[in-house]
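Colleague: Need the 3D shape of this:
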Amino acid sequence: MKEQILQEAFLSQNISEEAKKIVHEILEDLNEGKIRVCEKKPDETWKVNEYIKTAILLYFKIKTQKEFKAGDFNFFDKIPLKKWTGHEKVRVVPQALVRYGSYIAQNTVLMPSYINIGAYVDEGSLIDTWATVGSCVQVGKNVHVSGGVGLGGVLEPVQAQPVIIEDHVFLGSRSIIVEGVRVCESAVIGAGVVLTQSTKILDVTQKQVKEYKAFIPKNSVVIPGQRNKSFPAGNYQVPCVLIIGQRSKQTDKKTSLNNCLREFNVAV
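Modeller: The predicted structure is shown next:
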């Protein structure tokens, strides 16, 4: 019933008081981590909860722009920032900006960074300096998001899968992951890797290359690469990414996050 009311409100220009009430309830639950935009199913696939994304889009429609203050800083926007009390058990370094409607689990560390509405960051993760976590991005447990990483957000279309970073993943500095790419558990993404829906993801660990689309398998070690491509003007090198190995199962996760790429003679 709630989903139908939201859908009707989204398709029309008239948002009823009942629809507004539902939107505020959903956003509050989203903010507290009781629900999430996208969740993992028992078969290891991910399901997008379209009604939640619809509620977020409606929230933008019913909110008006106004001034928000944060100490000596002031902002002019529709969506307020999260308020921290210490009970959340989250370390929030000054200038870590987190929008209302996102969820940050306990024992996480937020360096000066930006996290948008609808995002979910699970326990024990680190969002390092100048990293951005876009709208509806799903970040798992014990994920290391290095400095300057860009995780792209998505609100429309409502059925589109957001960027998904599963548990124990390491994302090297200045890597960019957008357009609903999924990085599976314990993968290690090297510095400067760019992953989009059109990025060629090439597993070069065997005699025959294997190609993936918008998907990094579990435990993969990934670095930037180049491949030959013919154009009318000649042959040129175009970007791709290479899966060059598997993260060692024998190594402690925290140690391997920092040392794994060095084991393959790759800069972090």
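Colleague: Any buried residues in the longest helix belonging to the chain, and which?
Modeller: Using DSSP state H to assign secondary structure, the helix with the most residues in the chain is helix 17-31. With burial defined by 16 or more other Cβ atoms under 10 Å, the residues of helix 17-31 counted as buried are Ala19, Ile22, Val23, Ile26, Leu27, Asp29, Leu30, Asn31. (Each C-beta comes from the backbone N, C-alpha and C, glycine too.)
Colleague: which among the residues you listed gets closest to Lys2?
Modeller: Checking those against Lys2 with Cβ to Cβ, the nearest one is Ile22 at 5.2 Å.
Colleague: Next, count neighbours for the closest residue to the closest one other than its chain neighbours.
Modeller: Leaving aside its chain neighbours, Ile22 sits nearest to Lys2 (5.2 Å; criterion: Cβ to Cβ, 6 or more residues apart in numbering). As a burial measure, the neighbour count of Lys2 was computed by other Cβ atoms under 10 Å and equals 15.
Colleague: Angles on the backbone of Lys2, please.
Modeller: phi -60, psi -40 (degrees, to the nearest 10).
Colleague: Quick one: low-confidence residue ranges for the stretch 101-250 of the chain.
Modeller: Low-confidence regions of the stretch 101-250 of the chain, defined here as pLDDT under 70, cover residues 249-250.
Colleague: what's the offset of stretch 124-137 from the middle of its chain?
Modeller: Relative to its parent chain, stretch 124-137 has a centroid offset of 7 Å by Cα atoms, centre = their mean, to the nearest Å.
Colleague: hang on, the earlier thing: give me the helices and strands touching the longest helix of the chain, please.
Modeller: Other helices and strands packing on helix 17-31, by 3 or more Cβ pairs under 8 Å, 6 or more residues apart in numbering; DSSP states H and E, are helix 2-11, helix 50-62.
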